[in-house]
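# structure of the sequence below:
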Amino acid sequence: MRIYTKEGDDGTTGLLHGTRVSKSDPATRAYGGVDETVSALGLARALLGEGEPASRILDLQRELFVVGADLSANPEQRSKLQPGVSLVTAGMVERLEALMDRLVEANPVPKEFVVPGANLTSAALDVARSFARRAERDAVGLRDAGREVNPEVLRYLNRLSDLLFVLAREAAGAPEPRSRG
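So this is what the prediction gives:
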């Protein structure tokens, strides 16, 4: 079996449940940003090793496949999408909010701007956060171009970037004391 199909050699790609669009289509940019986020989260997860933080990241990666499917669906076939499998749901957003609330309660986030790079894991999470923000902007652009975008996708991506900020701060650990020098 070959990995390549040659179908994209003309600059098009297939959408979920049929039809082809340009690789520069706003939908392709939106779900491409989700794919970038999944990859950056994979780096963070690899840096974390085993344990609960890595398991949380894996759960987010799997949920992002749902986000990507939702964004990559053929507009005429959206009725085929399945909640939680290929269609983002309000419950998915609520789970992000609940996790974020628990994490912030246990480890309050700084109120000032944070320069990324405290360690490799926090830096990878901050990169993932910036990709999630771009995916959100591209999803809004898709909607603004007149295409149907599930509002839960927009809510999910917005909450995800906030959660990734919280996870990056958790991975960074306690802030260094500031010198008064």
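
# count the neighbours of R129 for me.
23 (other C-beta atoms under 10 Å). Quick note: C-beta positions are derived from backbone N, CA and C, even for glycine.

# and what of V67?
30.

# for it, which non-adjacent residue is spatially closest?
Using C-beta to C-beta, 6 or more residues apart in numbering and skipping residues adjacent in sequence, the residue nearest V67 is V34, 5.2 Å away.

# could I get the average pLDDT for the one helix or strand that neighbour maps to?
Using DSSP states H and E, V34 maps to helix 26-48. Averaging pLDDT along helix 26-48 yields 95.

# other SSEs contacting the top helix by length along the chain?
Looking across the chain with DSSP state H, the single longest helix is helix 120-144. Counting contacts by 3 or more C-beta pairs under 8 Å, 6 or more residues apart in numbering; DSSP states H and E, helix 120-144 is packed against helix 26-48, helix 52-71, helix 151-172.

# point out where this protein drops to low pLDDT.
By pLDDT under 70, the low-scoring segments of the chain are 15, 22, 174-181.

# switch the cut-off to 80
4, 7-8, 10-24, 174-181 (pLDDT under 80).

# hmm, back to that, where's the helix holding V34 relative to the chain centroid, distance-wise?
In terms of C-alpha atoms, centre = their mean, to the nearest Å, the centre of helix 26-48 is found 6 Å from the chain centre.

# could I get the buried residue list for the longest helix of the chain?
Residues 121-129, 131-136, 138-140, 142-143 are the ones in helix 120-144 that count as buried (16 or more other C-beta atoms under 10 Å).

# hmm, back to that, report the buried residues of the helix holding V34.
Result for helix 26-48 [16+ other C-beta under 10 Å]: buried residues 26-38, 40-41, 43-45, 47-48.

# from the contact counts, what lies against it?
strand 20-22, helix 52-71, helix 120-144, helix 151-172.

# turn the ones you listed into TSV, including distance to V109.
Converted to TSV, the helices and strands packed on helix 26-48 look like this (distance: least, C-beta to C-beta, whole Å):
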stretch	distance to V109
strand 20-22	39
helix 52-71	16
helix 120-144	12
helix 151-172	5
